[in-house]
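Trainee: With the input below, show me the fold.
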Amino acid sequence: MKLSQWDLQKDRNAYPKGPVAEGRSLYRLIGWEGADRGGLLLSDGERDAITSALRSAPPAPPPATAGLALSKIRFAQLAGWIAKHAAAWSSDSLDLIEDEPNISPQDVFRFTDEMRARLDRLDKQAGRTLEKRHG
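Mentor: Now for the predicted structure:
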């Protein structure tokens, strides 16, 4: 479910246990830049209340507007985040290398698509438009 600049996604890989988790699921709050902002253990009613509150809130201003300078701190955060995810892809590709020494083209395409989207987002925040980049 899209929540303006946020996304609340059910974590289908998590299986909460214990009495507190009964009747609840783990939801991930994803920020506008794709960063995981943490998990919430929610019942369906709690999830619906949060979703309703976020959808009825006035929209937040965009994180960066074309023509405004991107701070060095924000650039470093985003560049580091991109590097961290590229390193994770690299590390994950080495799992079970003895069984599968070659990477599939589909995995390469998923990686390049993901990195391209992140870099395009960074370009947009710095004020670059698609026309300026390719024109």
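Trainee: A117: neighbour count?
Mentor: By other C-beta atoms under 10 Å, the residues close to A117 number 11. Where you see a C-beta, it was placed from the backbone N, CA and C, and this is true even at glycine.
Trainee: Make sure I have this right: it is in a strand.
Mentor: No. Using DSSP: H, G, I helix; E, B strand; the rest coil, the assignment for A117 is helix, not a strand.
Trainee: Mean confidence (pLDDT) on the helix or strand harbouring L54, please.
Mentor: Secondary structure from DSSP states H and E places L54 in helix 44-56. Across helix 44-56, pLDDT averages out at 79.
Trainee: Which elements pack onto the helix or strand following that helix?
Mentor: Sequence-wise, the next helix or strand downstream of helix 44-56 (DSSP H and E) is helix 72-93. Judged by 3 or more C-beta pairs under 8 Å, 6 or more residues apart in numbering; DSSP states H and E, helix 72-93 is in contact with helix 105-126.
Trainee: Would you mind listing the buried residues in the helix it packs on?
Mentor: 111, 118, 121-122, 124-126 (16 or more other C-beta atoms under 10 Å).
Trainee: what do you get for stretch 78-94?
Mentor: 78, 82, 85.
Trainee: Turn those residues into JSON lines, columns for distance to T51.
Mentor: Shown next, in JSON lines, are the buried residues of stretch 78-94 (distance: C-beta to C-beta, whole Å):
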{"residue": "L78", "distance to T51": "27"}
{"residue": "I82", "distance to T51": "29"}
{"residue": "H85", "distance to T51": "27"}
